[in-house]
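> Could you work out the structure for the sequence below:
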Amino acid sequence: MSRIGRRPVPLPAGVTARVEGRQITVKGPRGEISRTIHPELTLALHDNTVAVERPSDEDRHKALHGLTRTLVANMVEGVTKGFSKSLEIQGVGYKAEPKPFGVQVTVGFSHPVPYHAPKGIKISVENNVVMKVEGVNKELVGQVAAELRAIRPPEPYKGKGIRYVGEQVRRKAGKTAQAAK
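From the prediction side, this is the model:
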């Protein structure tokens, strides 16, 4: 069996899971998430755990087994602790402003760029240069952070742009003048 897939996902206090066919819904203090699992796998609720079961030992089923267990574990972690990603803006005059619809970034274009946050995602701004994306769905938090970074990715010469906190940008040397002939 898959080493990851065979471990049941424990449900902490205050978290409930409901399985209806291929649909699993996890509800906790931070919200509720639903997901449809692969049709060949089954979910079973025991005591205070969710177990993922596979039909055979085919490689495909083994891969889906571990994947599905991890997805369910991420759902449980999301409704208990939540997920977050932080981005920082570097560049003279570059900034972010929180808006009711999400965030508006000014990053060297002729116009400010509005970003509309999807439902379930909260974007907060600290000191106009650090954006924090928070939510219960790990995939959605990562996707929103990637979309915000894609507005102005860090460039390799001066390092200006939007980057993840702690991201190392590989810098290049600029052009050098050629010696006179």
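
> Packing partners of the longest strand seen in the chain?
Taking DSSP state E as the criterion, the chain has its longest strand at strand 83-90. If you count contacts as 3 or more C-beta pairs under 8 Å, 6 or more residues apart in numbering; DSSP states H and E, strand 83-90 packs onto strand 130-135, helix 138-151, strand 161-164. (Each C-beta comes from the backbone N, C-alpha and C, glycine too.)

> gap between the longest one and the chain center?
Here the centre of helix 138-151 is set off from its chain's centre by 6 Å, with C-alpha atoms, centre = their mean, to the nearest Å.

> The chain: helices as residue ranges?
For the chain, applying DSSP state H gives helices covering 59-80, 138-151.

> mind checking which of these is nearest R22?
helix 59-80 (10.6 Å; C-beta to C-beta).

> Other residues contacting the closest one?
1-7, 9-12, 14-15, 17, 24, 26-33, 35, 37-38, 40-41, 43, 50, 52, 54-55, 83, 135-138 (C-beta atoms under 8 Å, 6 or more residues apart in numbering).

> now do stretch 128-139
Stretch 128-139 has contacts (C-beta under 8 Å, 6+ apart) with 30-31, 33, 74, 77-79, 82-90, 94-97, 103, 120-126, 141, 144-145, 148, 162, 165.

> what comes up buried for that stretch?
131, 133-138 (16 or more other C-beta atoms under 10 Å).

> filter the contacts of helix 59-80 to the buried ones?
2, 5, 9, 11, 15, 17, 24, 26-28, 30, 33, 35, 37-38, 41, 43, 50, 52, 54, 83, 135-138.

> Of the helices of the chain, which is nearest Q178?
Taking C-beta to C-beta, helix 138-151 is the member of the helices of the chain nearest to Q178, at 35.8 Å.

> tell me the domain ranges of this structure?
Taking automatic domain parsing as the domain assignment, the ranges for the chain are 9-80, 83-164.

> Redo the ones you listed as TSV? Include distance to K175 and mean pLDDT.
As requested, the domains of the chain are exported to TSV (distance: least, C-beta to C-beta, whole Å; pLDDT from 0 to 100):
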stretch	distance to K175	mean pLDDT
domain 9-80	46	92
domain 83-164	10	95
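
> Now distance to R171 too, for these, in CSV please.
Formatted as CSV, these follow (distance: least, C-beta to C-beta, whole Å):
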stretch, distance to R171
domain 9-80, 34
domain 83-164, 6
